[in-house]
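J.: Quick check, what structure comes out for this input:
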Amino acid sequence: MCLAEILQNEMKEVRVSQFSPDGESMGWVLIGGGFVSALFIIIRGRRWIYLLLFPLVLIAIGISLLLRQRQTNIEQVEATILTELDTLGPVARAQVLKKVTEKEFNKYVPEKK
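T.: Numbers count the residues shown, from 1 in each chain. Coordinates of the predicted model:
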């Protein structure tokens, strides 16, 4: 591969990464667009239910994108944590899990003195 081909491939990757929106930002754009369009329809005095259907659909799609992105993030972090735990021995793994469980439990149930 010559230098020109390598540079072209790098430029293509940069262009794609700059302009490809992730699910979270697209979800927030759809939710914002839904609220703005609903507000615009209400301000103009049009209160027919079928006119508000489009903004509600935009908001619903945005929320579903955000939830899907959240689930993907949770799965990625879970996989990372599980691979890190697999590198530990059984005793060390049990100690780490115990400390994490106690810390999370104490957030919601304070200790009685």
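J.: In the host helix or strand of residue 84, which residues are buried?
T.: Assigned by DSSP states H and E, residue 84 falls within helix 49-86. Neighbour-count burial for helix 49-86 flags 52, 55, 58-59, 61-62, 65-66, 69 (criterion: 16 or more other CB atoms under 10 Å). Yep, even glycine has a C-beta here, placed from its N, CA and C like the rest.
J.: for that helix, the distance to its chain's centre please.
T.: How far helix 49-86 lies from its chain's middle: 5 Å, per CA atoms, centre = their mean, to the nearest Å.
J.: again with stretch 43-60
T.: For stretch 43-60, the distance to the chain centre is 26 Å (CA atoms, centre = their mean).
J.: Which helix or strand lies directly C-terminal to the helix holding residue 84?
T.: Helix 49-86 is succeeded, C-terminally, by helix 90-108 (DSSP H and E).
J.: Could I get the CA-only coordinates of that next one as PDB?
T.: Provided in PDB are the C-alpha atoms of helix 90-108 (Å, rounded to 0.1, in the frame of the first residue of the first chain):
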ATOM      1  CA  PRO A  90     -11.700 -17.000  43.300                       C
ATOM      2  CA  VAL A  91     -10.900 -15.500  46.800                       C
ATOM      3  CA  ALA A  92     -10.000 -12.100  45.300                       C
ATOM      4  CA  ARG A  93     -13.100 -12.100  43.200                       C
ATOM      5  CA  ALA A  94     -15.300 -12.900  46.200                       C
ATOM      6  CA  GLN A  95     -13.600 -10.100  48.200                       C
ATOM      7  CA  VAL A  96     -14.100  -7.600  45.400                       C
ATOM      8  CA  LEU A  97     -17.800  -8.600  45.000                       C
ATOM      9  CA  LYS A  98     -18.300  -8.400  48.700                       C
ATOM     10  CA  LYS A  99     -16.900  -4.800  48.900                       C
ATOM     11  CA  VAL A 100     -18.900  -3.600  45.900                       C
ATOM     12  CA  THR A 101     -22.100  -5.200  47.300                       C
ATOM     13  CA  GLU A 102     -21.600  -3.600  50.700                       C
ATOM     14  CA  LYS A 103     -20.800  -0.200  49.200                       C
ATOM     15  CA  GLU A 104     -23.900  -0.300  47.000                       C
ATOM     16  CA  PHE A 105     -26.100  -1.600  49.800                       C
ATOM     17  CA  ASN A 106     -25.000   1.100  52.200                       C
ATOM     18  CA  LYS A 107     -26.000   3.800  49.700                       C
ATOM     19  CA  TYR A 108     -29.600   2.800  50.100                       C
END
